[in-house]
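Engineer: Next come a sequence and a model predicted from it.
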Amino acid sequence: MAWTNKVLRVNLTEGTLRYEPLNQEWVKDYLGQRGLGTRYLVDEVDPEVDALSPENKMIFATGPLTGTAASTSARYSVITKSPLTGAIACSNSGGFFGPELKFAGLDMVIFEGKSPTPVYLYIENDEAKLLPADDIWGKSVWEADEILHKAHHDPQLRVAAVGRAAESGCLYAAIVNDLHRAAGRSGVGTVMASKNLKAIAVRGTKGISNIKDPKRFMASTAQEKEVLAENAVTGTGLPALGTQVLMNVINEIGAMPTRNMQDVQFEGASKISGEAMLEPRESDGKPNLTTNAGCFGCTIACGRISTVDTSHFSVKDKPQYHHNSGGLEYEAAWALGSDTCVDDLDAATYVNFLCNEDGMDPITLGSTIAAAMELFEKGAITTEHTGGVELEFGSPQSLVWCAEQVVAATEFGKDLGLGSKRLCEKYGMPDLSMTVKGQEFPAYDPRGIQGMGLAYATSNRGACHLRGYTVASEVLGIPEKTDPLVSEGKAGLVIAFQDATAAVDSAGLCLFTTFAWGMDNIAPQIDSACEGDWSVERLLEVGERIWNMERDFNLKAGLTGADDNLPKRLLKDVAKTGPAKGRVSELDVMLPEYYELRGWDSTGVPTDDTRQRLSLA
Amino acid sequence: MKIECKLFATLMRFLPADADGHVVMMEVDPSTTAYDIIDHYGICHNEAYLVLQNGVYLYDEQKKIPLNDGDTLAIFPPVAGG
C-alpha cells in the first residue's frame, strides 16, 4: 500500500501529540487526501460549529501517490470548516511540503483545539513537538520561513505557515508552503491562525517504501510521464506560458469577468497575459517572467517565477521585492487585473507577491477590491472611509493601496479582509458581491461558459473552478468540445467533472494532468501503488461518494438548495459584448436536471436511495 | 475584404514584423477561409488548435467556409490552464 498508515493527532489545547493508524476501512471508500481527510472531518466535527472556535478541526492530508514517482505527486490538502463560507473547506497545494510530510512517515496531521499561546509544529521523521512561536508570530510567511530554517539549521526543512493576514482575522487567509505555493481558498489560513498555530516545519528522510507493486508502478508512471511530455498542453503550453496562457483565450471568447463582473471582456487583457510576461520591459530589458518552475515530481512545471520592475512605484523603495518570486497565475492575474480593470503587470505581480508573503487568496482579494471599487463608484464607500484615497477601477495605485491595507490590518483593510460578501453587506449593497456561498468567483464568466455557472452554483466550497472545470470541454475541447453558450447537457458534464476531480484530488496528483490524462491513465498508477483493485469505475464512485459527503456536511451546517445560486448580475444582466452578448446564465434550466442526475430530491438533498448506493451514513 | 487576424501564445512566432501586438490587419479575397489564413502563415493545422471566428469556436469543417468582411480570426495552439 502507498499509505504510511500513520496519522499524527495534535491537540493544541492540551499541547499533546499522539500517533494513530490510518482508518483502513475508510481508505477503501475515500482513497486519501481530499476524500479521506473530509471523511475524518465529518466524523469528528459538528458541521454547525463556529469555524474559528477551538471545536473546529483542521486536517493536513496527503494522498497515496503524494511523494511517489508519479508525475505531479506534490499535492496535499487542508480540510476544515471555512470561516468565509460556513461550508466545507478543502484547499489543495503543491510545492514540496506535502511529499515531505509523507517522507516523515505521515499520511495526515489532525489539529484540534486551540493553543493557549502561539506555537508551531516541528516534525523530524518520527519525532514531533510543539514549539513556541514567539519569534515568528507577527511575521510574514517569508520571514517565518527564514527564521525557522535558521533555527533548525536545516536548509531542506519544508515550511507551511500563515502570515499577518491570517493573524489579523482576514477571512480568506491562505496557508503558504515553500514560500509561494498555497492552500489558498476558503480561509483555511484563518482557521490555522485562530488555533494559535503559526507554522508546520517538517523534515522527512524516510522516503516512500511501501508501493504495492513497485515494478508495475514504475512502468506505469514512466509510461504516463511520456503521455504528459508528448501532449501539446502539458508538454509545451503550460511550461512555456503557464496558466496565464488563458488570459487572451477567455477574453476572446467573451467570458473574462471584468469590472466586478459588469463586463465580459477586458480591453487591457493582453497587457497582463502570459505572452506579456515574456516581453522585455522598457526600463531594464528583462521580462516579467524569469523562468518556469515545477513542484515536487512534476514533469509539467507550469509555475511562474517573476520579478517586478524595480523602478515601478509599487516596489521602488522596497528592496525586499527586488528579486525573483512566485509570479502570476491566471486566476491571480484575472482577479487582480481584469476584475479591477488594472492592466499594469507590475502592480498585479507585486500584489501577488504580497499574497504569497502574507498568505492571502488572490482570487478573493482581487474580487473584494473590485467590489470595493464598485461600491466607491456608486458612492457607498467614500474617501471618508478610505482616509482620502480614491478607489477607481483601472487604478494600479488603488489596487496596491487596498492590498497593503489588508496586510497592515488598518480599519478599512479589515473591512476588505471580510471578503466581498460581508463588505458589500456592510456598505449596504449586497448584490454587488460576486460570490456563491460567500466565496468569490474565479476567472470564467458563466454567461459566456454556461457549464461553469452550474459548476459554481453547486460547488461544495462556494464559487470555484477547481471543483468541476468544464472550461476544459466548453472552451478548450478537452476531452471533447462542447458549446459554451448552450446549457443543454451541461448538468451531466458538470457532474462528470466534479466526480473525476474529487477522485484526482484524493490521489495526491495535480488536476492539471487531466489535460492529458483520462481516468484510464490515472487508475493504473493508483492500482499498482495501492492495496485493492482501483479501477476507473471505482475511482469515479469514490469521487461521487466524496461529493455527496461534502454536500451532506454543508446541509448539516445549515446550507440549503437555495445556496446553489448565482448573483443577480449573472442571472439578470446580459453580457454586453462578445459571443455571449445578450445572454445570462441559464442556471434555472440546468439546476433541476443536475439534482435529478445526482439522485437528489427537488430541494437538493440526496435521497435515501442515493445514500444507500454510495454507502453514506 | 478586411480580416483582423490575431495569433497568440507560441503562434506569435509566425507574426510578421509589422504586427501590432497580436494583431495583423489583412486584405483578403472574399472566398478566404480560416484554413487559408492558417496556411498563409505556414502554421501546421494541428498547431492551430483553437480557432475562433469573432470569439466563436470553429470546428474543422467550419474552417473551410469563407470568412466575412470585418471578421476577427483568433488562433491559438493547444492551451489550457486553471
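Structural biologist: It's in.

Engineer: Quickly note the distance from the residue lying closest to A:Asp134 once chain neighbours are set aside to A:Val162.
Structural biologist: Excluding its sequence neighbours, the residue lying closest to A:Asp134 (CB to CB, 6 or more residues apart in numbering or on different chains) is A:Pro118, at 6.6 Å. The C-beta positions use only the backbone N, C-alpha and C, and glycine is treated the same way. Distance of A:Pro118 to A:Val162, computed by CB to CB, to the nearest Å: 11 Å.

Engineer: cool, B:Gln62 as well?
Structural biologist: Separation of B:Gln62 from A:Val162 (CB to CB) stands at 51 Å.

Engineer: okay, these two: which has more neighbours?
Structural biologist: Between B:Gln62 and A:Val162, counting by other CB atoms under 10 Å in any protein chain shown, A:Val162 is the more crowded of the two (29 against 14).

Engineer: For chain A, give the residue positioned nearest to chain B.
Structural biologist: Residue nearest to chain B within chain A (CB to the nearest CB): A:Thr243, separated by 3.2 Å.

Engineer: how about that residue, phi and psi?
Structural biologist: A:Thr243 has phi and psi values of phi -70, psi -20 when expressed as degrees, to the nearest 10.

Engineer: and A:Ile110, that's in a helix?
Structural biologist: No: A:Ile110: not assigned to a helix; according to DSSP: H, G, I helix; E, B strand; the rest coil it is strand.

Engineer: report the longest helix in chain A, please.
Structural biologist: In chain A, taking DSSP state H as the definition, the longest helix is helix A:536-556.

Engineer: rewinding a little: joint contacts of A:Pro118 and A:Val162?
Structural biologist: Common neighbours of A:Pro118 and A:Val162, using CB atoms under 8 Å, 6 or more residues apart in numbering or on different chains, are A:197-198.

Engineer: got the residues of chain B near chain A?
Structural biologist: Within reach of chain A by CB under 8 Å from any CB of the partner chain, chain B has these residues: B:6, B:8-10, B:12, B:21-22, B:47, B:49-50, B:52, B:54-57, B:59, B:74, B:76-82.

Engineer: Produce a ChimeraX select command limited to the buried residues of those residues.
Structural biologist: ChimeraX command restricting the residues of chain B next to chain A to the buried ones, with burial defined by 16 or more other CB atoms under 10 Å in any protein chain shown:
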select /B:6,8,9,10,22,47,49,50,52,54,55,56,57,74,76,77,78,79,80,81,82
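
Engineer: Of the residues of chain B next to chain A, which belong to strands?
Structural biologist: Using DSSP state E, the subset of the residues of chain B next to chain A located in strands is B:6, B:50, B:52, B:56-57, B:74, B:76.

Engineer: export those residues to JSON lines and tack on pLDDT?
Structural biologist: Listed next are those as JSON lines, based on pLDDT from 0 to 100:
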{"residue": "B:Lys6", "pLDDT": "98"}
{"residue": "B:Leu50", "pLDDT": "97"}
{"residue": "B:Leu52", "pLDDT": "98"}
{"residue": "B:Val56", "pLDDT": "97"}
{"residue": "B:Tyr57", "pLDDT": "97"}
{"residue": "B:Ala74", "pLDDT": "98"}
{"residue": "B:Phe76", "pLDDT": "97"}
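
Engineer: Which residues outside the helix or strand hosting A:Asp527 are in contact with it?
Structural biologist: Following DSSP states H and E, one finds A:Asp527 within helix A:519-529. Outside of helix A:519-529, the residues within contact range by CB under 8 Å, 6+ apart are A:1-2, A:31, A:64-65, A:68, A:70, A:211-213, A:216-217, A:220-221, A:224, A:227, A:500, A:503-504, A:507, A:509, A:513, A:533-536, A:539-540.
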